[in-house]
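K.L.:
Next come a sequence and a model predicted from it.
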Amino acid sequence: MEKKNFAFDRINYFLLTIGMAVVVIGFILMSGSGSSENEFNPEIFSALRIRVAPLVCFAGFAFMIYGIMHKPKDEEVKL
């Protein structure tokens, strides 16, 4: 029986899942209540929302790119 070589291995899917989870965490950190017409909420300018959360999202996207570019090890099929 011949072994098929796929583009992605199990480790690639694992890395992509971790990267997606990090991106989702970054978007959750960015979310929150905003300002309304009657009241100003200064929390929209917090360091967590405008500095930390975008960096977390960027790290997640970079991790996903690494997960896509990671080449699986080729195992030689012994006869």
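P.N.:
Perfect, thanks for sending it.
K.L.:
now the lowest-mean-pLDDT helix or strand in the chain, how far from the chain's geometric center?
P.N.:
One helix or strand of the chain scores below all others by mean pLDDT, DSSP states H and E: helix 47, with a mean of 92. Averaged C-alpha coordinates place helix 47 at 21 Å from its chain's average position (C-alpha atoms, centre = their mean, to the nearest Å).
K.L.:
likewise stretch 41-49?
P.N.:
Remark: stretch 41-49 is offset 23 Å from the chain centroid, using C-alpha atoms, centre = their mean.
K.L.:
gap between the two ends of it?
P.N.:
End-to-end distance of stretch 41-49 (C-alpha to C-alpha, to the nearest Å): 13 Å.
K.L.:
contacting residues around that stretch?
P.N.:
Contacts to stretch 41-49, defined as C-beta atoms under 8 Å, 6 or more residues apart in numbering, come from residues Leu29, Met30, Gly32, Ser33, Gly34, Ser35. Any C-beta I mention is one placed from the backbone N, CA and C, and that applies to glycine too.
K.L.:
Just send the residues you listed back as CSV, with secondary structure, distance to Val22 and pLDDT too.
P.N.:
As requested, the contacts of stretch 41-49 are exported to CSV (DSSP: H, G, I helix; E, B strand; the rest coil; distance: C-beta to C-beta, whole Å; pLDDT from 0 to 100):
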residue, secondary structure, distance to Val22, pLDDT
Leu29, helix, 11, 94
Met30, helix, 13, 93
Gly32, coil, 19, 81
Ser33, coil, 24, 79
Gly34, coil, 24, 79
Ser35, coil, 28, 79
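K.L.:
Redo the residues you listed as JSON lines? Include distance to Val52 and neighbour count.
P.N.:
Compiled in JSON lines, these are given as follows (distance: C-beta to C-beta, whole Å; neighbours: other C-beta atoms under 10 Å):
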{"residue": "Leu29", "distance to Val52": "6", "neighbour count": "16"}
{"residue": "Met30", "distance to Val52": "9", "neighbour count": "15"}
{"residue": "Gly32", "distance to Val52": "13", "neighbour count": "13"}
{"residue": "Ser33", "distance to Val52": "18", "neighbour count": "8"}
{"residue": "Gly34", "distance to Val52": "18", "neighbour count": "9"}
{"residue": "Ser35", "distance to Val52": "20", "neighbour count": "11"}
